[in-house]
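Participant: can't give you the sequence, but here's the structure:
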């Protein structure tokens, strides 16, 4: 099926709902209410949460004119993409009116951020942390706003693995680091729509080298997640405001660091204590009063 660029799969779904069998109506309402999950989670996971047979999602897609669930999910993913020329301004809405409009926006944003965190699957993060623990060296790449997440993960990991963790591009041009990736190493790439060419180049270099690729991304279809050994998904688009949310990406990064440290056992704790001693000797922190 070829869907018009102006066509909204959610609109098509809602229009078709009244004419569908009762069970498909229930599945259709679930998809309409959870369209982000529909683009990022497996059909089996969705079915379990909806209390439905996985095949019902395929039947739903075919009932509204798609060849199957994969095509409907692809259309839902495409519909969520902002314009490449206006990825941030395209998210804006008119300013609310009323004496508490600004407070209401803050509340909505905080609630959306808090609601997104429990939807991050824990098991894939734990599995990726095992890969980091086993890696001889860890490379981390994040560009533009994702640089902050990359630097946070780099900082936390280097507290107990200072010689084995490095940000891509900090010691020279990116391409020199891309050529240094090796099997047995891990490469973490962080990104969300719109994706940078640089993040895709890092992911492709990791894949070619045989290193373990860990993608922290907002969608399974993210180009820097293609071929990844581990894809850790966060919600970037569901929070209100002109700029996508990085809250989930930060939570994933900190979870990766926490589990990797735990796996390191006594050796990791000793390295962390050595780092703390060095920081204390350098008077890095302002002393507490009292």
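Facilitator: Nice, thanks for sending it over. Just so it is clear, the structure is predicted and the values come from calculations on it, not from any experiment.

Participant: In contact with the residue nearest to residue 113 when sequence neighbours are not counted: list those residues for me.
Facilitator: Excluding the flanking residues, the one nearest residue 113 by CB to CB, 6 or more residues apart in numbering is residue 247, at 4.6 Å. All C-beta spots, glycine's among them, are computed from the backbone N, C-alpha and C. By CB atoms under 8 Å, 6 or more residues apart in numbering, the contact list for residue 247 reads 113, 116, 117, 234, 239.

Participant: For the helix ranked longest in the chain, buried residues please.
Facilitator: Longest helix of the chain, by residue count under DSSP state H: helix 247-281. Residues 247-253, 255-257, 259-261, 264, 268, 271 are the ones in helix 247-281 that count as buried (16 or more other CB atoms under 10 Å).

Participant: Out of the residues you listed, which is nearest to residue 172?
Facilitator: Checking the buried residues of helix 247-281 against residue 172 by CB to CB gives residue 253 as the nearest, at 24.0 Å.

Participant: Surely the closest one and residue 146 touch.
Facilitator: No: using CB atoms under 8 Å, residue 253 is not in contact with residue 146, being 10.0 Å away.

Participant: Now for the two: what residues contact both?
Facilitator: By CB under 8 Å, 6+ apart, the residues touching both residue 253 and residue 146 are residue 190.

Participant: got the contact list for the residue nearest to residue 50 when sequence neighbours are not counted?
Facilitator: Distances taken as CB to CB, 6+ apart put residue 30 closest to residue 50, at 4.3 Å, once the chain neighbours are dropped. Residues near residue 30 by CB under 8 Å, 6+ apart: 46, 49, 50, 52.

Participant: How about residues contacting the one helix or strand residue 103 maps to?
Facilitator: Counting by DSSP states H and E, the element that carries residue 103 is helix 101-116. Contacts of helix 101-116 with the rest of the structure, by CB under 8 Å, 6+ apart, involve 95, 96, 98, 234, 235, 238, 239, 240, 241, 245, 247, 248.
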